[in-house]
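Asker: Mind looking at a prediction? Sequence and model below.
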Amino acid sequence: MSGVQKTVIICAASVALVMGAIIHKVTRPVPLDRNALQGAGVFLFDAPRPVPEVTLQAASGQPWTSADLQGQWDLLFFGYTFCPDICPTTLAELRQLSEQLPPEIREQLQVTLVSVDPNRDTPERLASYLDYFSADFAGATGPSPELAQLAKALSIAYIEPDTSNENYLVDHSGQVVLVNPQGEYVGFIRPPLNQQQLAVWLPRIMQP
């Protein structure tokens, strides 16, 4: 092989390396801007956190377990159907957010209301209530010990009410929990929800 041929081969290899580096830089995912995310009310953990094994009852009447959180992204909101303000507001915001997402993203996302009022929120009532917001929204509730275990693991605070008062209220946190397709707790969204910004960031989070 002549010196000219060697030079051509070396130059071609160098060009290929440079082009490969440029393509990699252009196509690799841009890291999520944590400051911008927090400005949109989204807080992601440095590492995913486990979700405990619990057994609740879905609005469909079927069992609902931690396995239901696997296979798709989940937004969990803890509330109850008799809630006078934050629950209907948040569910309406989640419906509006879902409507703004691209169809392929929407199909990968499940919104679930976890009721902290199992005394009144039967599966039938949950199903009827959620249908008002979206036929795609899911619901679950169950025994107080199971709810408390799940809520604690997901950093949700609520106070069990005095059910002797017919029109009792339940104090509870308002953040929306974000769970990845592996069923892991990866962060939360602080209320009030900014649908416009979330519609931009959620696809980035779900498809990094």
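Answerer: Received, thanks. Residues are numbered from 1 along each chain as shown.
Asker: Any idea what Gly139 is bridged to?
Answerer: Gly139 has these beta-bridge partners by DSSP bridges: Leu113.
Asker: Tell me, please, the helix or strand in this protein that averages the lowest pLDDT.
Answerer: Lowest mean confidence among the helices and strands of the chain (mean pLDDT, DSSP states H and E): helix 3-27, at a mean of 47.
Asker: Go ahead and name everything in contact with the next helix or strand after that helix.
Answerer: Per DSSP states H and E, the first helix or strand lying C-terminal to helix 3-27 is helix 34-39. Contacts to helix 34-39, defined as C-beta atoms under 8 Å, 6 or more residues apart in numbering, come from residues Phe43, Leu44, Gln197, Trp201. C-beta here means a position set from N, CA and C on the backbone, and glycine is covered the same way.
Asker: now do stretch 122-140
Answerer: Contact partners of stretch 122-140, identified using C-beta under 8 Å, 6+ apart, comprise 56-61, 64, 68, 81, 88, 91-92, 94-95, 98, 110-115, 121, 141.
Asker: go again using 6 Å as the cut-off
Answerer: 56-59, 61, 64, 81, 91, 95, 111-114 (C-beta atoms under 6 Å, 6 or more residues apart in numbering).
Asker: any idea which of these has the most stuff around it?
Answerer: Leu113 (28 neighbours; other C-beta atoms under 10 Å).
Asker: Show me how this protein divides into domains.
Answerer: 1-30, 34-206 (automatic domain parsing).
Asker: related to what we said a few turns ago, return the member of the contacts of stretch 122-140 nearest to Val179.
Answerer: Val179 has its nearest neighbour among the contacts of stretch 122-140 in Thr112, at 9.2 Å by C-beta to C-beta.
Asker: Nearest spatial neighbour of the closest one, chain-adjacent residues omitted?
Answerer: Spatial nearest neighbour of Thr112, excluding adjacent residues (C-beta to C-beta, 6 or more residues apart in numbering): Ala138 at 4.3 Å.
Asker: what about the one you found, how many neighbours?
Answerer: 20.
Asker: now Phe82
Answerer: For Phe82, the count of nearby residues is 16 (other C-beta under 10 Å).
Asker: With the one 3 residues further on instead?
Answerer: Neighbour count of Asp85, defined by other C-beta under 10 Å: 9.
Asker: So Thr90 lies in a strand, does it not?
Answerer: No: under DSSP: H, G, I helix; E, B strand; the rest coil, Thr90 sits outside any strand and is assigned helix.
Asker: Got the confidence number for it?
Answerer: Looking at Thr90, its pLDDT is 97.
Asker: residues touching it, list them.
Answerer: Contacts of Thr90 (C-beta under 6 Å, 6+ apart): Phe77.
Asker: Highest neighbour count among the contacts of helix 34-39?
Answerer: The most crowded member of the contacts of helix 34-39, judged by other C-beta under 10 Å, is Trp201 (20 neighbours).
Asker: That one against Ala40, yeah?
Answerer: Yes: contact criterion C-beta atoms under 6 Å: Trp201 and Ala40 qualify, at 5.5 Å.
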